[in-house]
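>>> Sequence and predicted structure, then a few things I'm wondering about:
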Amino acid sequence: MTSANIPAPPNELPPAYPDRAAWGTATKLRAWQAGAMERYFSENPRDFLAVATPGAGKTTFALTVAAELLSRRVIDRITVVAPTEHLKTQWADAAARAGIPIDPTYSGRKGPTSKDYVGVAVTYAGVAVNALAHRIRTERFKTLVILDEVHHAGDALSWGEAVREAFEPAARRLALTGTPFRSDINPIPFVTYAPDEEGVPKSVADYTYGYAHALADHVVRPVLFMAYSGEMQWRTRAGDEVAARLGEPLTKDMTAHALRTALDPGGSWMPSVLAAADKRLAEVRRHVPDAGGLVIASDQDSARAYAALLKTITGDRPTVVLSDEKAASKRIATFAESDERWMVAVRMVSEGVDVPRLAVGVYATTVSTPLFFAQAVGRFVRARKRGETASVFLPSVPNLLGFASEMEVQRDHVLKRKVSDEGDIFAAEEDLLNQAQASEAASADEALMPFQALGSQAVFDRVLYDGGEFGHSGEVQVGSEEEMDFLGIPGLLEADQVRDLLHHRQSERARQQRRTFSTPEDVVRDVSTHEQLAVLRRELNGLVAAWNHRTGQPHGVTHAALRRECGGPAAAVATADQLSTRIERIRDWAARKSS
């Protein structure tokens, strides 16, 4: 008999186990949660990986499993491993509502916790600090380990090794994630991998519940991505003054510099976008009075500057959450229970934090990996009642537009040569600072001439929704009636109503264009490049929509299939030739299906 199977001494058992019947009555499980529960208890696995989109209710599923295992005496204790200190408290609060007392203040150095607790909540970093202490605790009792956002166990080799060392003796392990995995060389502990068609190992989930399915079930909100472009001017470290349009094809470095210029609070781009986002929030609050907004900033200085801009725009001081402040968790909780309009945060609200009333977001950070993007968007999609929508304001840069176009595409964890996330063009803030410091230290001249944003102007670019793209060809000025066509979309609409409304407004715009040009050939010949691209994207999106009605396949999945067959980036940033090729390919699909 292993130490993990030795029953705990009677005097160390908790005073009472959760009332499973009461939990089941108090919390009605969603269909996916019930299906995952059935899968879990029919197989009774030691390890189980559940992949469910943010907002779907992974915490409820995990605590229901925990309550059932406790009531059956399969386990005696629970350990929850979360990414952040704030999430430890959030897990403890949710567990308390389920009748499972969990200590969120426990650490390996602390020693034993109160006998009133059934379990503890710790962070991945905390496990890495003292894996042995957690292993001893895991060996002492029959333990269920809940690994929340388990992809973090692959963030660093030391974290993965610590998680494996600490929890290898566990009686049961339940791994959860709600974000797309990335390519890496570090396997995630206790996750099963199997070779794909090319022989590359990929993670295998025991139960998957994606965004498209959750949207169809009304578990999550539909997301409108409001993309803004505009003219940017900056001075390089070499002293050159550069001007470029955000959203136009640029080099990697120029795209990064254009984005940094757009996000500079001293320019005109951020004030314009924040004002547009507040108009959208005002429209949503007409139908959802407590709806809130969140600005996700790159750093603390920018967060404070954005908060000052919002105070000027709205007249109200927003809540500011900085991750290194002790009161950060309390501020988030207070904002969640209030009806205040805006919160500004740095990373703190990017993953797992539950503020269901968030409905409008501004993505104002230089981090643009699929992981971080999905985590950030996940803060806005949790549905409370049918008809609520989410709106996320984005700068028009290729990576972000691509992620927004493919919300429905699932990604597994792939074990291969470590690469930057899906062609990510921007490093995390720390990496940018380190690179800048190293560059400046290497050249005294460059140290005297740091990068400087000189000016920026914002224009409305397009709306991305359900894998499709909608908007006006040509520039649309901030504050114009054309912009309000989209900012003024009602705050309560079903997903298909949003789609129909966008298509209607797109058709109205197309009719206006036809009055200007005599034939479609004139449109393609006489308009500028970005207008021509808009025409092709609308044609492609219309064909994808028709394919959806014909086959039921989600728009994002169809766009991803076209990319696999034809090559090239997401439709939002594809070239005219690439769009034309995809148009011909989907027409070929339709012709073959008809024959």
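Now that the structure is in, tell me what you want to look at. Every value quoted in this text rests on a predicted model; they were computed, and no experiment measured them.

>>> what does the average pLDDT come to for the longest strand belonging to the chain?
In the chain, taking DSSP state E as the definition, the longest strand is strand 223-235. Strand 223-235 comes out with an average pLDDT of 94.

>>> Give me the sheet partners of it and which way each runs.
If you go by DSSP bridges, strand 223-235 pairs up with strand 241-246 (antiparallel), strand 390-395 (parallel), strand 452-456 (antiparallel), strand 459-465 (antiparallel).

>>> Using CSV, lay out those strands together with mean pLDDT.
Putting the strands paired with strand 223-235 into CSV (pLDDT from 0 to 100) gives the following:
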stretch, mean pLDDT
strand 241-246, 90
strand 390-395, 96
strand 452-456, 92
strand 459-465, 90
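
>>> nearest to R317, of these?
strand 390-395 (20.6 Å; CB to CB). (Glycine included, C-beta is placed from N, CA and C.)

>>> Other residues contacting the following helix or strand past that closest one?
As assigned by DSSP states H and E, the chain's next helix or strand after strand 390-395 is helix 398-405. For helix 398-405, the external contacting residues (CB atoms under 8 Å, 6 or more residues apart in numbering) are 223, 225, 227, 255, 363, 368, 370, 373-374, 392, 394, 422-426, 464, 467, 469, 556, 559, 569-573.

>>> So, low pLDDT: which residues of the stretch 301-450 of the chain?
Filtered on pLDDT under 70, the stretch 301-450 of the chain yields the residue ranges 323-326, 347-353, 408-449.

>>> What segments of it are helices?
According to DSSP state H, counting those that start in this stretch, the stretch 301-450 of the chain carries its helices in the segments 328-337, 370-377, 398-405, 429-442, 444-448.

>>> starting at the chain centroid, how far to the second one?
Computed by CA atoms, centre = their mean, to the nearest Å, the chain-centroid distance of helix 370-377 equals 3 Å.

>>> Run the angle between that helix and helix 398-405 for me.
60 degrees (axes from the mean of the first three to the mean of the last three CA atoms, to 10 degrees).

>>> can you check the first one too?
Here helix 328-337 runs at an angle of 50 degrees relative to helix 398-405 (the same axes, to 10 degrees).

>>> just checking, what packs against helix 328-337?
Judged by 3 or more CB pairs under 8 Å, 6 or more residues apart in numbering; DSSP states H and E, the packing partners of helix 328-337 are helix 85-97, strand 319-321, strand 342-346.

>>> quick check: domain ranges of the protein?
Domains of the chain are assigned by automatic domain parsing as 3-209, 223-408+421-462, 517-594.

>>> Take the ones you listed and write them to TSV, including mean neighbour count and distance to L492.
Listed next are those as TSV, based on neighbours: other CB atoms under 10 Å; distance: least, CB to CB, whole Å:
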stretch	mean neighbour count	distance to L492
domain 3-209	19	18
domain 223-408+421-462	20	4
domain 517-594	17	22
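
>>> so how far is S203 from the closest residue to S405 other than its chain neighbours?
Leaving aside its chain neighbours, S405 sits nearest to A570 (4.4 Å; criterion: CB to CB, 6 or more residues apart in numbering). According to CB to CB, to the nearest Å, A570 stands 23 Å off from S203.

>>> Could you do A307 as well?
39 Å.

>>> Lovely, talk soon.
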